[in-house]
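S.K.: A structural model of the following input is requested.
(2 chains)
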Amino acid sequence: EAGVAQSPRYKIIEKRQSVAFWCNPISGHATLYWYQQILGQGPKLLIQFQNNGVVDDSQLPKDRFSAERLKGVDSTLKIQPAKLEDSAVYLCASSLGSGRFDEQYFGPGTRLTVT
Amino acid sequence: AQSVTQLGSHVSVSEGALVLLRCNYSSSVPPYLFWYVQYPNQGLQLLLKYTTGATLVKGINGFEAEFKKSETSFHLTKPSAHMSDAAEYFCAVLYGSSNTGKLIFGQGTTLQVKP
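M.R.: Residues are numbered from 1 along each chain as shown, chains lettered A, B, ... in the order given. Prediction:
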């Protein structure tokens, strides 16, 4: 079974530029998550999708971050414009459902450096 | 509100020695608790989880953890460290209802294994 795929793996941009990350979840997984992991910290949930609807985006900085999951499969996370403090690893995860018993499977992440 | 505290951002042990990584949580409801491992440039992998039932939980790679409600702790142990155990370890608590699951992570503990 293929795991969660993410691209690109690494990205370096200058502040005020825009960037987009892509995630392909495990086939059949209805729930998709985007996490931000700043160096030295644990991952923090940015947004959770159930199929193509948003379940929780309470910690997404909506003035600069946006995410979509068209057709309930792949997802993109965009930052526009980027700030220095956005430098982090962006992890995508997916699970079969959204309940407490559904294990989340993580992709390898995209490491973003903003200079 | 749920939160997780991992005591010690870096732990160093000799190969063959006991591994003990500490995790304390706060939760207003019976917690679901997790330990994840992250190898360099990879995503998070689930080591073990506690949901209900037996308080001593066994996971992959010889790790285990014990849920102690009175101490609000969920420490991770392994009797004998191996060089391949060097990685970053995250404790997490699940926040939400039976239909929604949101992981709250600790800040992580880097395990170094010396030959």
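S.K.: CA atoms for contacts and neighbours, from now on please.
M.R.: OK.
S.K.: Compute the number of surrounding residues for the closest residue in space to B:Gln42 that isn't next to it in sequence.
M.R.: When the adjacent residues along the chain are set aside, B:Gln42 lies closest to A:Pro108, with 4.4 Å between them (C-alpha to C-alpha, 6 or more residues apart in numbering or on different chains). Other residues near A:Pro108 come to 23 when the count uses other C-alpha atoms under 10 Å in any protein chain shown.
S.K.: part of a strand, is A:Pro108?
M.R.: No - counting by DSSP: H, G, I helix; E, B strand; the rest coil, A:Pro108 falls outside a strand, being coil.
S.K.: Now do the same contact list for it.
M.R.: By C-alpha atoms under 8 Å, 6 or more residues apart in numbering or on different chains, the contact set of A:Pro108 is A:Val4, A:Ala5, A:Gln6, A:Arg9, A:Leu91, A:Cys92, B:Asn41, B:Gln42, B:Gly43, B:Leu44.
S.K.: Give me the spatial nearest neighbour of the most centrally placed residue in chain B, chain neighbours excluded.
M.R.: Compute the mean C-alpha point of chain B, and by C-alpha atoms, centre = their mean the closest residue is B:Trp35, 3.2 Å away. Leaving aside its chain neighbours, B:Trp35 sits nearest to B:Cys91 (4.6 Å; criterion: C-alpha to C-alpha, 6+ apart).
S.K.: now A:Val54
M.R.: Counting by C-alpha to C-alpha, 6+ apart, A:Val54 lies nearest to A:Gln48, which is 6.0 Å off, once chain neighbours are set aside.
S.K.: residue ranges with poor pLDDT in the chain?
M.R.: You didn't say which chain, so I picked chain A. A:1, A:100 (pLDDT under 70).
S.K.: The chain in question should be chain B.
M.R.: Along chain B, the parts satisfying pLDDT under 70 run over B:96-100.
S.K.: would the residue nearest to A:Val54 count as being in a strand?
M.R.: Yes - counting by three-state DSSP, A:Gln48 is located in a strand.
S.K.: gap between it and A:Gly40?
M.R.: Relative to A:Gly40, A:Gln48 is positioned 23 Å away (C-alpha to C-alpha, to the nearest Å).
S.K.: more neighbours, these two?
M.R.: Counting neighbours by other C-alpha under 10 Å for A:Gln48 and for A:Gly40 shows that A:Gln48 has the greater number, 27 against 12.
S.K.: I figured that one was touching A:Asp57, is that so?
M.R.: Yes - here A:Gln48 reaches A:Asp57: they are 6.5 Å apart, a contact under C-alpha atoms under 8 Å.
S.K.: Neighbour count, distance to B:Ser70 and secondary structure for the contacts of A:Pro108 - can I get that in CSV?
M.R.: Putting the contacts of A:Pro108 into CSV (neighbours: other C-alpha atoms under 10 Å in any protein chain shown; distance: C-alpha to C-alpha, whole Å; DSSP: H, G, I helix; E, B strand; the rest coil) gives the following:
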residue, neighbour count, distance to B:Ser70, secondary structure
A:Val4, 21, 37, coil
A:Ala5, 19, 40, strand
A:Gln6, 23, 41, strand
A:Arg9, 16, 42, coil
A:Leu91, 27, 34, strand
A:Cys92, 32, 34, strand
B:Asn41, 12, 37, coil
B:Gln42, 14, 35, coil
B:Gly43, 21, 32, coil
B:Leu44, 24, 29, strand
